[in-house]
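# Okay, structure incoming, though there's no sequence with it:
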């Protein structure tokens with residue numbers, strides 16, 4: 001896995017230990033859901049977004065490297081991906097994919113290894 005995809009951008013405003021659960025996630029073209037789960041694990045940081053009714057309750061994993069900014073006061077996370085790209089991402093199943101390096105590699109290939 002590419003460490004840069006799985007680490008927060010220095011300019012994103014992430015503070016280790018901040019609970020991001022419940023934050024609204026904003027794609028480049030609108031809101032996509034709320035953070036259901038997140039990990040600050042070094043070289044494996046991510047958020048899991050519950051897309052709710054937008055795409056029928058699908059959960060998607062977004063590597064921390066896709067996050068452009070975190071607004072703690074507004075409880076919003078801005079990601080450098082659009083709704084369609086997120087909608088078509090590999091679905092996240094917490095029972096199958098938590099800690100699954102093969103799934104993480106699939107997600108990394110889907111989003112591309114370069115930072116936004």
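Ah, there it is. The structure displayed is predicted, hence computed values, not measured ones.
# List of residues touching the top helix by length along the chain?
Counting residues, the longest helix in the chain under DSSP state H turns out to be helix 101-111. Surrounding helix 101-111, the residues in contact under the criterion C-beta atoms under 8 Å, 6 or more residues apart in numbering are 1-2, 5-6, 44, 61-63, 66, 81, 85, 89-90, 92, 96-97. Heads up, the C-betas are built off the backbone N, CA and C, glycines and all.
# So which bits of that helix are buried?
Buried positions in helix 101-111, judged by neighbour count with 16 or more other C-beta atoms under 10 Å: 103, 104, 107, 108, 111.
# Of the residues you listed, which is the nearest to residue 74?
Closest to residue 74 out of the buried residues of helix 101-111 is residue 111 (24.4 Å), distances taken as C-beta to C-beta.
# Which members of the contacts of helix 101-111 occur in strands, if any?
61, 62, 63 (DSSP state E).
# Show me which parts of the lengthiest strand in the chain are buried, residue by residue.
Secondary structure of the chain per DSSP E: the longest strand is strand 30-39. Across strand 30-39, burial judged by 16+ other C-beta under 10 Å covers 32, 33, 34, 35, 36, 37, 38, 39.
# So which elements touch it?
Where contact means 3 or more C-beta pairs under 8 Å, 6 or more residues apart in numbering; DSSP states H and E, strand 30-39 is packed against strand 24-27, strand 46-50, helix 83-87.
# Just checking: what are the partner strands of it?
Here strand 30-39 is paired, per DSSP bridges, with strand 24-27 (antiparallel), strand 46-50 (antiparallel).
# which residues sit against it?
With C-beta under 8 Å, 6+ apart, strand 30-39 has contacts from 19-26, 45-52, 54, 59, 77, 79, 83, 86, 94.
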